[in-house]
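Colleague: Build me a model from this:
(chains A, B and C)
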Amino acid sequence: MIKALRQPLISIQIDRGQQVFGSGEVLAGAFQIDAVDHADVRVVETSVLWFTEGTGDEDMGVHYFERLSVDDVPELNLQERRRFQTVLPNSPLSYEGVSVKICWCVRVRVFLRQGRDFVAERAFQLGNIPLVQAEGMATI
Amino acid sequence: MFGKKRGHRHTGSKTLGSAGEILFFALLLFLGSAFFVLLLTRTVIPEWRANHEFVETTAVVLDKRVEERIDRNGNPVFAPRARIRYEQSPDEIWAYDIAGTTFSNVTDAQAQLDLLTVGETYPCWYDPLNPEVAVLVRGYSLWFWMLLLAPVGFMLIGGAGLAYALWYWDKSPEHQAARGQLGRIDLFEEINARAKDFPTIPHDADLINSPGTHLKYRLPSSNSQGWRLFGATVVCIVWNGIVVVFTVLAVRRHFHGAGDWRLDLLVFPFLLMGGFLIYYFVRELLIVTGVGQTFAEISDHPLLPGGTYELYLAQGGHLSLKSIDILLQCTEQAAYRQGTDTRTDRRIVFSRTLFHQDNLEILPGQPLEAHCDLRVPDDAMHSFTADHNQVQWTLAVRAVAEGWPAFERNFPVVVYPPERLTSETDERSTKLESELVV
Amino acid sequence: MNAITSETPNRRLTNPFATRWVRPGAMAYLFPQGRTAAEIVRQFQANDWRSAIVGPHGSGKSTLVATIIPLIEQMGIAVRRISLHDGQRRFPADLLQQCLPISRREVPSDEISNSTPRALLVIDGYEQLTWWSRHRLSACCRRNEWALLVTAHADSGLGKIPVLFRTAASLPTVQHLVDDMLPSHYGLIHADEVAAAFNDHGGNVRETLFALYHLFEQRRNTYGKQRAGESVRL
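Modeller: Numbering: from 1, shown residues only, chains lettered A, B, ... in the order given. Next up is the predicted model:
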């Protein structure tokens, strides 16, 4: 029988609550992991990435990636807020198309020693491309 | 007379293009002619001479027999032969007809010989150029007339196309690639640098490596009429070549009273398909030669949101157009694969007409030339490409012509995002990453 | 399934029918009354770890596989999944090399029985394989003590592999799916529209969900404007 695992609480904040960024702007923020024993955590990965959404298979591109292994940094205190920052690229911009959408987010993934992992995301917008209207829009 | 071709592009000298066209039709004409000559010399001429030039005499039938042979397919066939003696030949010879007619069974062959009685005298005809060659039976083998259809077809197509190309050769305008510009730095280095600065944006190196004659760049087309015609030609020739052989076999058997209905049933659907392939080939040929090439040139590339660019379009051919439109379009494409099911979703999410004209004539050597402005919307999404999802911008040329199927030619373009990282911000990025708290 | 929490910027109204949310693995299989994933796995074990899931296109075969795989992994059986795409008649030549490195997950040894196979090979689109490929696959699985679970559109070609479960889409199931598992359509999709899409696509759930995706797209812009008090730009 598998032991029940506690789900860690992962919170991600972007500085100043900013949600819309332009190319070349600095994306900075912090994350915090709670409700999990330090001994249960194996690795914490932080990434800033884009992924597609829509009617096609997902594509993904990672712009920023940081991996923290608890074994390598034993004094790591996950409950402390850990910062991240990166300069955002020229492309791809966030896009709300019809069949293709491009979304940016900060993602934190926590790997536990029992082999499971938990993910939290905080989305943001890169660029200011307006929504694309689907044809035949119905009025409610 | 310098020209270069890459992929589906039509660039450089029209003379070179016309030369290629002439070569193509000349090849068709040559092949047809060679086959025609072969048939003529081996079959048609000897039969004709036997019926018109051989001199009549009389011959005594000394003996007769049915000779068994094996044909090309390994089947036994039977040839009626009679040994005759006539005044103009010093020796007795075995003869029957000039074509060496055979029958699929002994009975039919024997029936021909039963008309001759050993010891009797019958009229015969000998070749005045070679008196030792003579025939007892004259006439024509109708099957070879059908065989002639294939080479005649090639000759007609090749000849007509050649005549057309030659006729318009000296009336086509000469365009030279006047400007070309390689990057000041190594080309590969430039491509990698750009890819790094603009991830997921398609490379436009293939779009801007051909200078235009009116504007800076000549854009490649994503449609390829030439390859379609080539494919249609090859398939048509190969398929119909095989079908003709079997059709002739089947008809020949009927003429000899030994029709095989199973062979007829087998050949019939292939014959129908061959007819369709000929129709398709002729259609493609007429489209390529009648509709003509489409050239699109642009004043700059890549495109930026809010930017305005000049566009030049030339449409050749010999057409009466009901309408022609040039459109700027943005298409989303998403591919989804699950198990054995693959699904591709394509949607046009933006379309703007840049140019429209109704009721115009395009004459050979006098292509339609259109100049217009291309304005990219201020808030346009940039081009995007990933494994399964794309955002593609294209210039689409759509035309509806009298007596022709409507056609569309597409020219991909690349739209970049409006803001760009400079080298200063690149340095800032590196500095920031090194300051990250670990 | 691992928990994912996400906050979206103001203007984004996530389409609940996007492949991200409805692909196999993202959504659990809705079992008919009285059937559970655990019971399916028990039956699989009773079939000596060789079985087939059969059903028409878009009826949820891959979703069912994705639902039961975690339970199988919890038993200490490593899983390797191979999808045969349309026209693919042979499994990858390096199948053996792909599968050999997989090892048991970290499960206490007293929880693994001797009859538990070392690994499970899942073949999506089994009927596309040639007779010879199927024979080789069976021999490979027997030799390596691998379990075998295949999906197919029909029984023919399964040979001696028993049918574990037959997937079949029904309108009530799809309605349940839309209302209970995809509630964030904000009432933009009505039951009669779900029924119409389901009937239009001949009971293919995947195509039904794609159709609902586009229907949602057509309506979300207006809903977004209303929700944000006209703050969303077009």
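Colleague: Let's check: the centremost residue of the chain is which one?
Modeller: Assuming you mean chain A. Closest residue to the average C-alpha location of chain A: residue A:107 at 1.8 Å, with CA atoms, centre = their mean.
Colleague: let's do chain C instead
Modeller: For chain C, the residue nearest the mean C-alpha position is residue C:63 (1.6 Å; CA atoms, centre = their mean).
Colleague: okay, that one: pLDDT?
Modeller: Confidence at residue C:63, expressed as pLDDT, is 92.
Colleague: Give me the buried stretch members for the host helix or strand of it, please.
Modeller: For residue C:63, the host element (DSSP states H and E) is helix C:61-74. Neighbour counts over helix C:61-74 (16 or more other CB atoms under 10 Å in any protein chain shown) mark C:61, C:62, C:63, C:64, C:65, C:66, C:67, C:68, C:69, C:71, C:72, C:73 as buried. For the C-beta atoms, the positions are set from N, CA and C on the backbone; glycine is no exception.
Colleague: try stretch B:352-366
Modeller: Those buried within stretch B:352-366 under the rule 16+ other CB under 10 Å are B:354, B:355, B:362, B:364.
Colleague: go on, stretch B:83-103?
Modeller: B:83-84, B:86, B:89, B:93, B:95-99, B:101-103.
Colleague: what's the answer for stretch B:25-44, then?
Modeller: B:25, B:26, B:28, B:29, B:32, B:33, B:35, B:36, B:39, B:43, B:44.
Colleague: Farthest pair within those residues?
Modeller: B:25 and B:43 (26.9 Å; CB to CB).
Colleague: if we can go back for a sec, list the contacts for the residue nearest to the centre of chain C?
Modeller: C:24, C:25, C:27, C:28, C:29 (CB atoms under 8 Å, 6 or more residues apart in numbering or on different chains).
Colleague: Contacts only, for the last one.
Modeller: Looking back up the chat, that one is residue C:29. C:37, C:60, C:63, C:64, C:66, C:67.
Colleague: where does chain C have its least confident helix or strand?
Modeller: When each helix and strand of chain C is scored by mean pLDDT, DSSP states H and E, strand C:4-7 comes last, with a mean of 47.
Colleague: Using PDB, list the CA coordinates for the very next helix or strand once past that strand.
Modeller: Counting by DSSP H and E, the next helix or strand C-terminal to strand C:4-7 is helix C:19-22. Backbone C-alpha positions of helix C:19-22 (Å, rounded to 0.1, in the frame of the first residue of the first chain) are rendered in PDB as follows:
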ATOM      1  CA  THR C  19      -6.300  19.700 -25.700                       C
ATOM      2  CA  ARG C  20      -4.300  20.600 -22.700                       C
ATOM      3  CA  TRP C  21      -7.400  19.800 -20.500                       C
ATOM      4  CA  VAL C  22      -9.000  17.000 -22.500                       C
END
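Colleague: just checking, what packs against helix C:19-22?
Modeller: In terms of contacts (3 or more CB pairs under 8 Å, 6 or more residues apart in numbering or on different chains; DSSP states H and E), helix C:19-22 is packed against strand A:41-54.
Colleague: Check which residues of the strand it packs on are buried.
Modeller: So, applying 16+ other CB under 10 Å, buried residues of strand A:41-54: A:41, A:43-54.
Colleague: Same check on stretch B:48-64?
Modeller: B:49, B:50, B:54, B:59, B:61, B:64.
Colleague: Report the separation between whatever residue of the stretch 251-400 of chain B ends up closest to chain A and residue B:384.
Modeller: Going by CB to the nearest CB, chain A is nearest to residue B:334 of the stretch 251-400 of chain B, at 2.8 Å. The gap separating residue B:334 from residue B:384 is 11 Å, by CB to CB, to the nearest Å.
Colleague: any shared contact partners between the two?
Modeller: residue A:100.
Colleague: how about the helices in chain A?
Modeller: Assigned helices in chain A: none (criterion: DSSP state H).
Colleague: Give me the below-cutoff pLDDT ranges for it.
Modeller: A:1-6, A:134-140 (pLDDT under 70).
Colleague: Backbone dihedrals for residue B:357, please?
Modeller: Dihedral pair for residue B:357: phi -150, psi 140, per degrees, to the nearest 10.
Colleague: Show the contacting residues for it.
Modeller: By CB under 8 Å, 6+ apart, the contact list for residue B:357 reads B:321, B:323, B:324, B:368, B:370.
Colleague: Can you name the residue of the stretch 151-300 of chain B nearest chain C?
Modeller: residue B:200 (18.1 Å).
Colleague: Closest one to chain C out of the buried residues of stretch B:25-44, please.
Modeller: Of these, the one sitting nearest to chain C (CB to the nearest CB) turns out to be residue B:28, at 35.2 Å.
Colleague: and the closest one, that's in a helix?
Modeller: Yes - checked against DSSP: H, G, I helix; E, B strand; the rest coil, residue B:28 lies within a helix.
Colleague: Neighbours of residue B:278, how many?
Modeller: 16 (other CB atoms under 10 Å in any protein chain shown).
Colleague: For it, which non-adjacent residue is spatially closest?
Modeller: residue B:236 (5.9 Å; CB to CB, 6 or more residues apart in numbering or on different chains).
Colleague: Same check on residue A:95?
Modeller: residue A:102 (4.2 Å).
Colleague: what's the burial count for the one you found?
Modeller: That count, for residue A:102 with other CB under 10 Å as the rule, works out to 27.
Colleague: That one touches residue A:94, doesn't it?
Modeller: Yes - the pair residue A:102 / residue A:94 is scored as a contact, 5.8 Å apart, by CB atoms under 8 Å.
Colleague: so what sits against both of these two?
Modeller: residue A:50.
Colleague: Sitting in helices, which of the contacts of residue C:63 do you find?
Modeller: Per DSSP H, those never map to helices.
Colleague: just the buried members of those?
Modeller: The buried subset of the contacts of residue C:63 (16+ other CB under 10 Å) comprises C:24, C:27, C:29.
Colleague: For those, give me JSON lines that also has distance to residue B:71.
Modeller: Listed next are these as JSON lines, based on distance: CB to CB, whole Å:
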{"residue": "C:24", "distance to residue B:71": "61"}
{"residue": "C:27", "distance to residue B:71": "68"}
{"residue": "C:29", "distance to residue B:71": "66"}
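Colleague: Many thanks, have a good one.
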